[in-house]
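[1] the following comprises the amino acid sequence and a computationally predicted model.
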Amino acid sequence: MSYLLSATCAVPAAGAVLTAALPAGTTEARRRTTKTVALAVSVLTLGLAAAVAASFEPGGARYQLTESHSWIRSFGISFSLGADGIGTALVLLTAVLVPLVMLAGWHDATGPVSGSAAGSVPEGSFESKRRTQAFFALILAVEAMVLVSFLATDVFVFYVFFEAMLIPMYFLIGGFGDRAGGPDSDRQRSYAAVKFLLYNLLGGLVMLAAVIGLYVVAADQGQATFSLTALTDAISSGKLVIDPNAQRALFLGFFFAFAVKAPMWPLHTWLPNAMGESTAGTAVLITAVVDKVGTFAMLRFCLGLFPDASKTFAPVIMVLALVGIVYGALVAIGQKDIKRLVAYASISHFGFIILGVFAMTSQGQSGATLYMVNHGISTAAWMLVAGFLISRRGSRLIADYGGVQKVAPVLAGTFLIGGLATLSLPGMAPFVSEFLVLVGTFSRYPAIGVVATFGIVLAALYALLLYQRTMTGPVKAGVEGVKDLKARELAVVAPLVALTLLLGVYPKPLTDMVNPAVNDTLSQVHRTDPAPAHPVAATNGGEQK
Amino acid sequence: MIPAHALAAANGSGPSIPAPHIEYGQLSPMLVVFGAALLGVLVEAFLPRRARASAQLGVSLLGLGGAFAAVVVLAAQGHGTTKAGLLAMGAVAIDGPALFLQGVILLTAVLAVLTYAEGRLEPRINGHRVDAFAAQAAAVPGGEQERDATREGLRTTEIYPLTLFAVGGMLLFPAANDLLTMFVALEVLSLPLYLMSALARRRRLISQEAAVKYFLLGAFASAFFLFGTALVYGYAGSLQLGEIADVVSGVSQVTPALAVTTQNDALLLIGLAMLAVGLLFKVGAVPFHSWTPDVYQGAPTPVTGFMAAATKTAAFGALLRLFYVAFPGLRWDWRPVMWGVAILTMAVGAVLAITQQDVKRLLAYSSVAHAGFILTGLIATDRRGVAAVLFYLLAYSFVTLGAFAVVTLVRDSKGEATHLSNWAGLGRRSPLLAAVFALFLLAFAGIPLTSGFTGKFAVFQAAAEGGATPLVIVGVLSSAVAAFFYIRVIVLMFFSDPQPSGPAVAVPSPLTATAIGVGVLVTLGLGLLPQYFLDLASKAALFTR
Amino acid sequence: MNSLIPLLVAAPLAGAALLLLGGRALDRFGHWIATALAALSFAFGLALFADMLGRDAEHRAVTEQLYSWIPVDGFQADVAFQLDQLSITFVLLITGVGTLIHLYSVGYMAHDERRRRFFAYLNLFLAAMLVLVLADNYLLLYVGWEGVGLASFLLIGFWQHKPSAATAAKKAFIVNRVGDMGLSIAIMLMFVEFGSFAFQPVFATAGDASEGKLTAIGLMLLLAACGKSAQVPLQSWLGDAMEGPTPVSALIHAATMVTAGVYLIVRSGAIFNLAPDAQTAVVVVGAVTLLFGAVVGCAKDDIKKALAGSTMSQIGYMIMAAGLGPIGYAFAIMHLVTHGFFKAGMFLGAGSVMHGMNDEVNMRHYGGLRKYMPVTFATFGLGYLAIIGFPGLSGFFSKDKIIEAAFAKGGTEGWILGLCALLGAAVTAFYMTRVMVLTFFGEKRWQPDAEGNDPHPHESPKSMTVPMVVLAFGSVFAGGLFVYGNSFLHWLEPVTGHAEGDSPLSPWTVTGLATACMLAGAALAWQMYGRSPVPVKPPVGSLLTRAARRDLLQDDFNHAVLVRPGTALAATLVWFDSRGLDGFVNGLAAAIGGISARLRRIQTGYVRTYALSMFGGTLVLVASTLLMRSV
Amino acid sequence: MNPANYLYLAALLFTIGASGVLLRRNAIVLFMCVELMLNASNLALVTFSRMHGNLDGQILAFFTMVVAAAEVVVGLAIIVSIFRTRHSASVDDSNLMKL
């Protein structure tokens, strides 16, 4: 048994404890030590994640590097981890983004708590001393829990961490704002944090009922276990037959939680608040990492455990996802707040991911998985640059900006790249995934595919409108002083841009990793790709000459 | 049962009265506690005032510790499992549940006694350290006599023997194997609690009011219990739970009297309902909960903590024994009714807590909601259900005690600052304490990786396996509502600005710190690595009869 | 030799990357790097062309598989290039004209502080355009397709500080996106139908698919072409795109990018040939745009916008020709190439005029410039003669062929199309003569600007005039060269196929008619603008003129039908999101809170009330226990 | 006499006691009503004891008396101390905590 996976999860967890335990940040030097330690831990995690990816053999078993430790025998729970292609891809995404988020939020935890209550944290108070530790420890805690969620091969273990990650996330949202809100930003932020927590908690609790229900149903048929692999094996071999009604109910229980987390229309309204009020780094953590657990879980748990119900509900879900695509984009167009705009854009993108998952074609699901990764990277770039901009001007309102490209061309350029990635420009990573999702959807549900394609026009609208309004035109009052990106900020954006381009031109390593897992998922739901009406002859592509 | 002819036979054979066989060894936990209580009374009578407090503390800790050691030894000897049996002529059952709950009660009591002895919170009076209890309980609040007593630094050290008596009753309550013993235990545990409620040093008026409400309603409930006892006795002709079960299921020999009384099922059913009323009152189930908020608020906070944790444990023990030993045959009659009670309890407790403004009342309603959750486990009517309830009680006791211990620390010039508005910004003033309280609240809310989650999972799983799926769904929804108010408190503590004249957090002595620390450890321990205790609970989950 | 194909793309791409990442250090000579790389790409193109000429017609097409791009089960997208006669034609046009325009820009942008970035974008455009024409499958074509869109966006909006430029750039991209949607759907349809979207397999299997499916694919491709080539109904962006620097208008919005739609349709000939309905749609779009653009061109006073209208109209010709099927494909491309020369030349001329006139674009403020800018006048004039189809110049031959082909379509359809084309030729002559006269003839009408500086019109530097001269050569001779021995037709035939139509008119008749139309149009324009002084302030004009000045109300239409309802919808949804969805959830929370507040009142604080609730509870408990038994 | 009559009486007494608890204001009277309920139970216990011919019920009745006595001690202590504070034995005056 290899311990690589548990090490990958344990390092950030231990790092969180270590960071929290470091001496209080009374001086700038100590604060820097704290940050450096946290960053080092996250880089170490990245190294371990890379090791996981390197030892993952695309052609091998579905779950590799598996390990299992007895945890709560009474409930049939063992702490089992295993990496499949989909999980590994997302582990990599997480491990890449966290150090960048830390670097981007290097100064987010210092200084006043918020614009309005600037004086509310007396210098030298316990809180002002511990804020840095708290911020970075919470990020590491989120990372650890997300990693476990991506690697868990036990339904219960997944559930526990799926749910537990809400708490550090909640404190990140509620405790650390971007200093750009209005006079009642404290109240807004705590509202956002509560909303985030309550929505997700409700989702999680409904899922809890379903998790229990699943166990009861399975135990009735002699499969008293939470092990995902054991359950899916039993289901596909017919040893475990879940009666259709029960299956539908359980599916909905699981799906509800994931749809809240993803978030899918109409359960999305927590996301704009949460992303709008938190720091840019936290917003990235939410939309690029934490929310991915939702879509990831749809693919792994909803489809794997409830194949028939998934098929039953697929059309309904696809329609909701479609509504989400168009709705999210339209509402994004109508936003006045930069970060909320990005949030609604994400809602639109999550629609695509869900579409891909439930199209149940290999293109759709591979596309959806790639989409998760690519959306993570591209939105991170977009959002973090937006955050840099907001921190300079101290406002989130689009109307407060104009002509930034004149004073900060690099910032504007990277912001444009982020926007172009968001609108899935070919040559950039999101295009690959979006097109796969569209093709996958179209090949089974042509009408939905066509309407979803309309989303690419709307995406261009919101992305370019935002760029036009903030970056171009004459320099607005208040923007003159905006400085261009600093070295630290460039170091955050550069890897993201590079990855966006690299995965746009050469996504093969990723697709190779993901494809076998997707095929396995498809075989779990007994779905095969629709065959072309008039397949071309075996000669595929060029090479005749 | 002592049949009349046996007595007659004894008469015939002369004046000698056959001595009942008493297993002192197995009863030693209770005997030790009662012995310590009596010793406490003697201490009160004979020791000089100065020495009393520490002597009482020592006696109590020794007594409780000794009793706990006895419980451990008994359990180790197998009295909880293989050697479980009826003692004292069938009046007391020492079996798994009894020993387990006795252990829980004793541990809670130890921690509670530690919080009683806390002397650093109240300001010193004339150089005397004083605790949370009235200087002289008999004195009129605000009167001359009270002023004198206060000036002399008097302390109501009677609280210790009273607690020991209550603990003795609590130990007996879940072990009581006939209705007589149960009734006596009920009274033995209740009467000291009535008095203890009245002993608050500050806010004596509401303390006295709490006592009188608790007393009158408690006596009222006891009357129902007693009448229920009479009716059940009338039906079955016996007070012993096992024999009642035999009569109910029709396996016992039918005497002429039984032939008449068993005709009348109403006797049995009304009796059962009334017994349930008496016990549901103690656990604080809706609609017998109305005393809880008032009493929890009015009683001295250390007493509230003790009461909330230990009374609930003991009462649920008795409820379990009553339903599982005496009335398993009536399952189809009481289960639907208890369904209703459980649903009402969960829903009303959660909904009413939302609008509370006082932290102690909030915790009181929370305890009502938790009674509902525990009832879902009770309804499972199998061994798993019992194990789940046992585990839940263990988890809940420590969280509750810890939470109330934290409440004692948040103070202003008027004593404890229990109004929630005073808690605003606590997380900024003393993050550690706020974090601890947040942990307890999260455990109450059932967030994974805390003991509350494990417990909730256990009872819901048991309920689902017992076929009570709707109950699980109501439980889940109530949990969501409940989460709302726990989170509200967290928001208040962390994300609101502190009031300028807000309360200060007192630095406790190691006594309270120990209580809180143990609470934290158990909360995390049972959340992260609960297996040992789940095993223990499931091993203990068999009633003897 | 084939390994040169990726280098074609790589050279300008490397240039773009280098210039963008290189930073300030490259400010001084970055433009020369870019120009050199464009020229290098042209050289590679020439080498490949020479190589191709060395092989016989059937073996000229080559493919170069680079790597597997998106491999997912059943879905194979490769980065693979296909170089055949059609694509090498485009390669030479793109890199050739591209290099000239790079050269021209060196002078034109000499004083722009962001010149390095401009050249980076130009290089990026070249790379994307080359990907577009070299791709061997539709998905890779799509990459180039949107890549040129991006370059176009960046270059139209190059002067971002002008809100009008930024708006125009965004508009261009978004309108193009609508077209791109068509291309996406077409690709998806192909994938569903054939399991592939690479050219060769799809074309080989196209015959198996139903006509309905092929029509659908064809219509979607047409939508894409409409977007990129500014055809009705997606034409609205092109006029605004003139906000970009003039070299951009010349290269992207005249010579190359906007003709990509024609390429797409010709390339997909195998599909269109089997979908007559789609072909009909194509010719209708072409014919309508031909006239639409021409009418708009007549009314504009902005020289670049007049030329843009002309571009639209000329591409309308090409699209129409492409819609005619095998009779027209080769001629569409031929006109495309000649148009590339003369229109690029004229745009550069216009740029040269603006350069000398302090960026004045209103032709009513020009006049008599031939004396001040002789080279510009000469080159522009040659381009003018070419576009109106003056006999012997390149436009004469290529347009003539299209008009012939239109008649050759046969039947009523043929007559309608032919007459449209003739009418278009007349109008073309009219508006181009108008441009020519207003700019170079008549009285000088320019005035000092606000600060009192006289414009001092002057000839442009060498780096600008040389490319104009070269292009003028092309405008004059390309047509004759192509028609000589039908060389161009034979060159393309292996790719596009060719069929002779059945024209009701003899070629000479058509030529005669076309020339007559041209002369009539030119004469009318001379009559209106050459014989009498031109008012500096435009006259009110007829209803049609006023509409044409507003681009035949295209923006008003779009605004009323799409923008305003769209904005309203977005605003409604924003409201719905916060009040509706969130309101529902908040309302639910408030409802629970309300229940709680109401329920709280039962906690009266009176012991007797509590006792009552207990008593009542007991009664209910007893009753329900009894009830359970009786049920 | 038919033992059922004793039971009816017991039920009646219990009901009277319970109604008293609900209706009376004076804490002492209220408490006495609880005592009445306990005694009603005692009557029932003794009756049943007699019916079944065993002594369990009677023994419980004795215990009840002891418990009742203990309750009186505790209860009076509490009630008296409240009375001394407020000079009122009405339970309706003890209404500081509510909602």
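    Good, I have the coordinates.

[2] please count neighbours and contacts with C-alpha atoms only from this point.
    Noted.

[3] where exactly do the strands run in chain C?
    Under the criterion DSSP state E, strands of chain C are mapped to C:62-72, C:75-83.

[4] which one of those strands lies closest to chain A?
    strand C:62-72 (5.9 Å; Cα to the nearest Cα).

[5] which ones are touching residue D:36?
    Residues near residue D:36 by Cα atoms under 8 Å, 6 or more residues apart in numbering or on different chains: D:13, D:14, D:17.

[6] for chain B, find the nearest of the strands of chain C.
    strand C:62-72 (38.2 Å).

[7] longest helix anywhere in chain C?
    When chain C is parsed with DSSP state H, its longest helix is helix C:163-194.

[8] which residue ranges of the chain form strands?
    Looking at chain A here, since you left the chain open. Using DSSP E, strands in chain A cover A:64-72, A:77-83.

[9] not quite, I wanted chain B
    Using DSSP E, strands in chain B cover B:85-87, B:92-94, B:410-412, B:415-416, B:504-505.

[10] can you redo the contacts of residue D:36 as CSV with secondary structure?
    As requested, the contacts of residue D:36 are arranged in CSV below (DSSP: H, G, I helix; E, B strand; the rest coil):
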residue, secondary structure
D:13, helix
D:14, helix
D:17, helix
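
[11] which of those are buried?
    Buried by 16 or more other Cα atoms under 10 Å in any protein chain shown: D:13, D:14, D:17, out of the contacts of residue D:36.

[12] taking chain C, what residue is nearest to chain A?
    residue C:161 (4.0 Å).

[13] so what's that residue up against?
    Applying Cα under 8 Å, 6+ apart, the residues near residue C:161 are A:403, A:406, A:472, A:473, A:474, A:475.

[14] ok, and of these, which contact chain C?
    A:403, A:406, A:472, A:473, A:474, A:475 (Cα under 8 Å from any Cα of the partner chain).

[15] one step back: what's the most buried one of the strands of chain B?
    strand B:92-94 (a mean of 27; mean count of other Cα atoms under 10 Å in any protein chain shown).

[16] quick one: that one near chain D?
    No. Using Cα under 8 Å from any Cα, strand B:92-94 stays clear of chain D, with a minimum separation of 15.5 Å.

[17] show residues contacting that strand.
    So strand B:92-94 is contacted by B:26-27, B:79-80, B:84-87, B:172, B:175-178, B:181, B:544-545 (Cα under 8 Å, 6+ apart).

[18] nearest to residue B:220 among these?
    Of all the contacts of strand B:92-94, residue B:220 sits closest to residue B:181, with 18.6 Å by Cα to Cα.

[19] name the residue of the stretch 301-450 of chain C that lies nearest to chain D.
    Counting by Cα to the nearest Cα, the stretch 301-450 of chain C gets nearest to chain D through residue C:305 (76.7 Å).

[20] re earlier: just the contacts of strand B:92-94: which has the poorest pLDDT?
    Lowest pLDDT among the contacts of strand B:92-94: residue B:545, with 77.

[21] give me the neighbour count for that residue.
    For residue B:545, the count of nearby residues is 21 (other Cα atoms under 10 Å in any protein chain shown).

[22] try residue C:422
    Neighbour number of residue C:422 under other Cα under 10 Å is 25.

[23] now do residue C:493
    With other Cα under 10 Å as criterion, residue C:493 counts 18.

[24] which residue, neighbours along the chain excluded, lies closest to it?
    Nearest residue to residue C:493 in three dimensions, chain neighbours excluded: residue C:330, at 7.2 Å (Cα to Cα, 6 or more residues apart in numbering or on different chains).

[25] so what's that neighbour up against?
    C:488, C:489, C:492, C:493, C:496, C:498.

[26] and the gap between the residue nearest to residue A:475 when sequence neighbours are not counted and residue B:387?
    Spatial nearest neighbour of residue A:475, chain neighbours left out: residue A:403 (4.1 Å); criterion: Cα to Cα, 6+ apart. Per Cα to Cα, to the nearest Å, residue A:403 is found 67 Å from residue B:387.
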